[in-house]
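1. Just a sequence and a predicted model for now, questions to come.
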Amino acid sequence: MENHMNGKSILVAYGTRYGSARYTATEIAAYLKNKGYNTNLVDLRSERAPSLPGNFDLVIAGSSIAMFSWVGKVKSFLRKCRRASVPTAVFITCGTAIEDEANARSRFLDRVINRIGLNPELTLVTGPVIDFRPGKGLPTGLKNRMALYRRLEFLTRKITLYFYIS
Ligand SMILES: Cc1cc2nc3c(=O)[nH]c(=O)nc-3n(C[C@H](O)[C@H](O)[C@H](O)COP(=O)(O)O)c2cc1C
């Protein structure tokens, strides 16, 4: 399977307000790089969005949720991906994910990708990354981070499978 992945390029693009979506995107990019993919990481709020199409075999785009809203630049980038017919995977990072992942998925993820008209290969809902250093953390921090790692493992396995069958 390693050979099959050689030369596959994945863009991981994110929009964050407080850093959790960046953390998630950085973990995904590092994980995939380690698996042998060519990986690029882009902050859509502070860098120019890379040009499409054809430059990437898969775009993974993720947005922070605040006040029920995505980061606008992630939505506009996903519209570009749709127009360019680039395969996508989409994740959101939001507080609701801690308590009710299904609710977070339907309210914040499915609704928006439907409105964009996107049909992603994979989707992922992640919670905030909580800083659990003394004086900063919450008891749920470690649990939450471990759940994030488990899901990243799952996502990257699915991406490997996606390339294997496509
Ligand atoms: C001002 C503010 C508004 C928020 N609004 C929502 C919300 O509407 N729904 C939700 O699930 N989480 C909400 N949250 C929690 C964020 O989604 C959570 O902190 C997430 O980690 C933000 O991602 P980021 O760190 O990448 O910006 C909010 C947090 C803040 C600080």
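-> Cool, the structure landed. Residues are numbered from 1 along each chain as shown.
2. From the structure, what's the count of residues near the closest residue to T16 other than its chain neighbours?
-> Leaving aside its sequence neighbours, T16 sits nearest to R22 (Cβ to Cβ, 6 or more residues apart in numbering; 4.4 Å). No exception for glycine: its C-beta is placed from N, CA and C like everyone else's. Counted with other Cβ atoms under 10 Å, the neighbours of R22 add up to 20.
3. Those residues of this structure touching the ligand, which are they?
-> By Cβ under 6 Å from any ligand atom, the residues of the chain that approach the ligand are 16-21, 64-68, 93-96, 104, 128.
4. Report how far apart the opening and closing residues of stretch 105-112 are.
-> End-to-end distance of stretch 105-112 (Cα to Cα, to the nearest Å): 10 Å.
5. Now do the strands in the protein.
-> 9-15, 38-43, 58-64, 88-93, 122-126 (DSSP state E).
6. helices and strands of this protein: which one has the lowest mean pLDDT?
-> Using mean pLDDT, DSSP states H and E, helix 2-5 stands out as the lowest-scoring helix or strand of the chain, at a mean of 49.
7. related to what we said a few turns ago, now the residues of the chain next to the ligand: which count as buried?
-> Neighbour counting over these (16 or more other Cβ atoms under 10 Å) leaves 16, 20-21, 64-65, 93-94, 96, 104, 128 as the buried ones.
8. which ones among those are found in helices?
-> When DSSP state H is applied, those are split such that 20-21, 96, 104 fall in helices.
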